[in-house]
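Colleague: sharing a model prediction with you, sequence too.
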Amino acid sequence: MRENTGRSSVLPVAPTRGRLRPLGLDEVRITGGFWAERRNTNETATLGHCRDWTERVGWTGNFRAAAEGRIHRDRRGREFADSELYKLLEAMAWQSGTGSALDADIAALTEVIAPAQEADGYLNTAFGRPGQQPRYSDLEWGHELYCQGHLIQAGVAQTRARGEGELAKIARRAADHVCATFGRGGIEGVCGHPEIETALVELARATGEQRYLDQAALFVDRRGHRTLADIEFGRAYYQDDMPLREATALRGHAVRALYLAAGAVDVAVETGDDDLLAAVVRQWETAVARRTYLTGGMGSHHRDEAFGDDFVLPPDRAYSETCAGVASVMLSWRLLLATGEPRFADLAERTLFNVVATSPSADGRSFFYANTLHRRLRGAVPAAQTPSPRAESSLRAPWFAVSCCPTNVARTLAQLPAYLATADDHGVQVHQYADAEIATSLAGGHGAALRIRTDYPSGGTVTVRIGRSPDHPWTLSLRVPDWTAGDTAWLVDPDGRRRAVAPGTAETTRVFRPGDEVRLELPVRPRWIRADPRIDAVRGTVAVQRGPLVYCAESVDLPDGHEVDAVRVDPSAEPEDGPDGTGATVVVPGELAEPGEPHDAAWPYPPLHWTTALAAEPGAIVLGPYHSWANRGPSTMRVWLPTTEPGSDGGVVAP
């Protein structure tokens, strides 16, 4: 790996080594389109919504109660409630790094938190005071290191976005406490929920202090040696069943597994540990090939919020937690920076559009915690003034008893411009597509400025216009997404030369002049998707994907009050764009019919020859983007649609 001589200071992830150099929030600006709309909603609605709810449910008040000595009787929320304020602060800090006026809000929350920090740097409202359990007496479930990790990340965000302030000082004192308590000769343990690892590495990068990196590496190496107690889900739940270097797949609680993997990549990159990096890549590959939903979602177990076994991906029982989607993007981004391989950006794109973008409502004030791929019954409208006690998908809720997802979405959208592009000694690489402006320095300190214009993901044309360029050759690289496989994408050079490009990376190397344009033409159209036949739960079904977007049938789009389980589709007829030029129109074989008729069958497993009678004349229905489902009220929904192929009604014929 080469050294990264990064020029940006406003970076959520700032490796000192690696194949690619990330570009920061001061180098990339999203100016319009899909992601600009969501980032604007995040700034104008979601951040304030989260701040108001943390106050309403008492999680902000916990810090006041701790400082005033009444926390043992007045504390509210789960043991990890502190972390939601820290993630909110991190989101505000990154948003302020793009010009938003949030310094006063950050200062106000910091003034609430600061008095609760103890003299040695320890900061947690659930442990350590009279009437509470002792510090670090419950490493399995206590989340103390997890919470302090999010505090540290908020401090790093403030330092990089606005300069070191009081929040950053609080975070550093907490990090010093962690190193003193869990360093060599201290407590030989790890936190049941990984997170501290990424935070300590980023703090080491921000401060240049080696002890923070050493402590992160120590936590990674301690994991898997069974220092945590066995539980009903087994030690794999918190990845303490085997050393990380020996594991072949991501397993256990999905968010924990992905956070740990992200931290391990950070450690591997900073220490030059290629074996550790290879171990994480191996686990990522297995998870993507065998344990990931079409949407990019991860985690098929509700009971333990965990990865299932290989190919256990039931759509109606998809847990696919929003936080796991956030963590997956974190991991994919780190692997992309380390290796330069576009496959990691492919998964990040899929997850951003179909998990992260799915969670918040259009107004940014309610959220999905879990992201099912099949909703059988219409959901109930959640209470507007009380937290939802359940994480399972029904309709988006304004808040949850465990409300990790809203603040995680907020911090991800706040830092999103930093995921768009990178640079190296040879030029600039664009990985995610949005209307954007990029201004950075290339090798030798020469400036380059690019302007990207696109209607992606509704359309596939991406135009990059050069605004400023060195007077020597350099390379502009554009990712050609993996979803273009089997179709043709085109790259048009400034001289008008048009050439077909395969999935991976399309490159143009030349002496660019101001006004030069490079155009990437991606074949955005709806197409059928079939699943590996080993995914038993979706045999005999197909799905539709249009560009990076997964589509779904929703009952509000069906005639005569039908529910989505009435749908059968004809995969011999290619799906077409919907009437608005997006969407997807698919052929259904005549009248919609309820599956399994007659309804009063005494036994739900009829002989193979029994099928639902269908009308002769075909019709059509329009599918919509999965990320927007349930924005129009209670509905049923499904991504994987049964087909009319012979035997498919019985679910016994594999695609």
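Modeller: Structure received.
Colleague: show me where the stretch 251-400 of the chain has its helices.
Modeller: Ranges of helices within the stretch 251-400 of the chain are 254-271, 274-290, 322-339, 342-351, based on DSSP state H, counting those that start in this stretch.
Colleague: got a list of contacts for the shortest one?
Modeller: Looking back up the chat, that one is helix 342-351. Counting contacts by C-beta atoms under 8 Å, 6 or more residues apart in numbering, the residues outside helix 342-351 that touch it are 284, 288, 292, 295-297, 325, 328-329, 332-333, 335-336, 419, 431-432, 479-483, 503-505, 548. Glycine gets a C-beta too; all of them are placed from N, C-alpha and C.
Colleague: give me the angle between that helix and helix 274-290.
Modeller: 50 degrees (axes from the mean of the first three to the mean of the last three C-alpha atoms, to 10 degrees).
Colleague: from the middle of its chain, how far away would stretch 159-175 be?
Modeller: Chain-centre distance of stretch 159-175: 25 Å, with C-alpha atoms, centre = their mean, to the nearest Å.
Colleague: pLDDT on that stretch, on average?
Modeller: In this model, stretch 159-175 has an average pLDDT of 96.
Colleague: buried residues, it. List them.
Modeller: Burial within stretch 159-175, assessed by neighbour count using 16 or more other C-beta atoms under 10 Å, is assigned to 159-162, 164-165, 167-175.
Colleague: ends of it, how far apart?
Modeller: End-to-end distance of stretch 159-175: 15 Å, with C-alpha to C-alpha, to the nearest Å as the criterion.
Colleague: which residues does it contact?
Modeller: When contacts are defined by C-beta under 8 Å, 6+ apart, stretch 159-175 is touched by residues 9-11, 14, 24-25, 89, 93-94, 96-97, 103, 106-107, 110, 113-114, 117, 121-123, 148, 151-156, 158, 199-200, 203, 206-207, 212.
Colleague: make it 7 Å
Modeller: Outside stretch 159-175, the residues that touch it by C-beta atoms under 7 Å, 6 or more residues apart in numbering are 9-11, 89, 93-94, 96-97, 103, 106, 110, 113-114, 117, 121, 123, 148, 151-152, 154-155, 158, 200, 203, 206, 212.
Colleague: which residues touch the helix or strand bottoming out on mean pLDDT in the chain?
Modeller: Sorted by mean pLDDT, DSSP states H and E, the helices and strands of the chain end with strand 584-588, the least confident at a mean of 85. With C-beta under 7 Å, 6+ apart as the test, strand 584-588 has contacts from 526, 544, 546, 551, 567-570, 573, 575-578, 618-623.
Colleague: mind giving me the ChimeraX select for those residues, buried ones only?
Modeller: Applying 16+ other C-beta under 10 Å to the contacts of strand 584-588, the buried members can be selected in ChimeraX as follows:
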select :526,544,546,551,567,568,569,570,575,577,578,621,622,623
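Colleague: and the contacts of stretch 159-175, which are buried?
Modeller: 9-11, 89, 93-94, 96-97, 106, 110, 113, 117, 121, 123, 148, 151-152, 154-155, 158, 200, 203, 206, 212.
Colleague: what pairs with Val542 across the strands?
Modeller: Leu641 (DSSP bridges).
Colleague: give me the pLDDT for it.
Modeller: Here, the pLDDT recorded for Val542 equals 95.
Colleague: and what of the one 5 residues further on?
Modeller: Reading off the per-residue confidence, Gly547 sits at a pLDDT of 97.
Colleague: residues contacting it?
Modeller: The neighbours of Gly547, taking C-beta under 7 Å, 6+ apart as the test, are 457, 460, 483, 522, 524.
Colleague: most neighbours among these, which one?
Modeller: Highest neighbour count within the contacts of Gly547, by other C-beta atoms under 10 Å: Leu522, with 26 neighbours.
Colleague: and for it, nearest residue in space, chain neighbours not counted?
Modeller: Spatial nearest neighbour of Leu522, excluding adjacent residues (C-beta to C-beta, 6 or more residues apart in numbering): Gly460 at 3.4 Å.
Colleague: tell me the one of the contacts of Gly547 nearest Ser628?
Modeller: Using C-beta to C-beta, Pro457 comes nearest to Ser628 of the contacts of Gly547, at 12.2 Å.
Colleague: roughly how far apart are Leu420 and Gly24?
Modeller: Leu420 sits 11 Å away from Gly24, going by C-beta to C-beta, to the nearest Å.
Colleague: burial measure for the residue lying closest to Thr461 once chain neighbours are set aside, as a count.
Modeller: Distances taken as C-beta to C-beta, 6+ apart place Glu521 nearest to Thr461, at 5.7 Å, with adjacent residues excluded. The tally of other residues near Glu521 (other C-beta under 10 Å) stands at 18.
Colleague: how about low-confidence regions in the protein?
Modeller: Regions of the chain meeting the criterion pLDDT under 70 cover residues 1-8, 393, 590-602, 604-618, 645-655.
Colleague: try 50
Modeller: Along the chain, segments meeting pLDDT under 50 span 595-599, 608-616, 647-655.
Colleague: tell me the contacts of the residue positioned nearest the centre of the chain?
Modeller: The centroid of the chain falls nearest to Val326 when counting by C-alpha atoms, centre = their mean (2.5 Å). Going by C-beta under 7 Å, 6+ apart, Val326 touches 356, 408-409, 412.
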